[in-house]
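Asker: Next come a sequence and a model predicted from it.
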Amino acid sequence: MRFVDALLAADRPVIMELKRRDPHGGDLFGERSIREIVAEYEAAGAPCISVVTGRWFGGADSMLREVASLTDRPVLQKDFITRRDQLLKAKDLGASAVLLTAGLLPRSSMPTLVGASLELGLTPFVEVTSEAEIDALPSADQCVVAVNNKDIKNKERDPGDLDRSIRLLPALAGSGTVCPVSASGITEPQDAARLLAAGYKGLLIGTGLLRTTSLVDWLDSLDKLRNVNVP
Ligand SMILES: O=C(O)c1ccccc1NCC(=O)[C@H](O)[C@H](O)COP(=O)(O)O
């Protein structure tokens, strides 16, 4: 299934992320193997899985290959992608979607990379932090567009500003994307429920899910707050 279709059809529209380290170098996997985390996410009904291969977060390309070999859920690669050859590699490693960060790319590169991703059958997962970045997006109707609540230019050391997602939602709706996503800094089920109630079709959560003592309880709380029954 396509990344975007899987997310839009999900009872729990949460892209669950594997990220080895937090921005301060803290371990997020503990004793768990990649296989165990993927199994936990699948059992929790993850429609899509995100893998951070960026080295700032302890990532490596091998993590993407391993995750893609363990699941048939669409997998997003989160890395600093600036060139077409990285898209080819992402595809080869098993990705279904690729992160393109508006704030890190020269404006002229975004249309080229969005076009090249689509040609390769990869969903562009475009991250933005401002209205100006949203207004400049090419082919937003064919992209997942995500508001990043943290500041990647500061290595995401900040706790995140979830109100940024609320503020930018009207601009996202106007961009033409069918799949607005709120990403980063979502640690509590209450925050997740608030963002979904506001109109987000998906959330991307790493640290909050990797650090919780019970993923099952975290997601049950979210379901209760949303009044949904997940079988
Ligand atoms: O945002 C980027 O440009 C980026 C580039 C390369 C590797 C990672 C990148 N971002 C990481 C993230 O955005 C977060 O891991 C993700 O949104 C989850 O955040 P959190 O729930 O706060 O762990």
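Answerer: Here it is on my side, so go on. Computed from a prediction, not measured in an experiment: that's the story for all the values here. Numbering: from 1, shown residues only.
Asker: In the helix ranked longest in the chain, which residues are buried?
Answerer: Longest helix in the chain by number of residues (criterion: DSSP state H): helix 162-175. Using 16 or more other CB atoms under 10 Å as the test for burial, helix 162-175 gives 162, 164, 165, 166, 168, 169, 171, 172, 175. The C-beta positions use only the backbone N, C-alpha and C, and glycine is treated the same way.
Asker: nearest residue to the third one other than its sequence neighbours?
Answerer: This points to residue 165. Nearest residue to residue 165, sequence neighbours excluded (CB to CB, 6 or more residues apart in numbering): residue 182, at 4.0 Å.
Asker: returning to that earlier point: okay if I get the buried residues of helix 162-175 as CSV plus distance to residue 187 and pLDDT?
Answerer: Shown next, in CSV, are those (distance: CB to CB, whole Å; pLDDT from 0 to 100):
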residue, distance to residue 187, pLDDT
162, 10, 98
164, 15, 98
165, 14, 98
166, 16, 98
168, 20, 98
169, 20, 97
171, 25, 97
172, 22, 96
175, 27, 96
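Asker: List just the nearest of these to the ligand.
Answerer: residue 162 (10.6 Å; CB to the nearest ligand atom).
Asker: Write out the residues of this structure neighbouring the ligand.
Answerer: Within the chain, the residues that sit near the ligand (CB under 6 Å from any ligand atom) are 17, 19, 52, 54, 57, 78-80, 99, 101, 104, 127, 148, 150, 152, 156, 183-186, 204-208.
Asker: quick check, residue 230 in a strand?
Answerer: No - under DSSP: H, G, I helix; E, B strand; the rest coil, residue 230 falls outside any strand and is assigned coil.
Asker: Now do the same contact list for the most centrally placed residue in the chain.
Answerer: Closest to where the C-alpha atoms of the chain average out (CA atoms, centre = their mean) is residue 204, at 4.1 Å. Contact analysis of residue 204 by CB atoms under 8 Å, 6 or more residues apart in numbering lists 14, 15, 17, 50, 76, 146, 181, 182, 183, 184, 186.
Asker: SS state for it?
Answerer: Under three-state DSSP, residue 204 comes out as strand.
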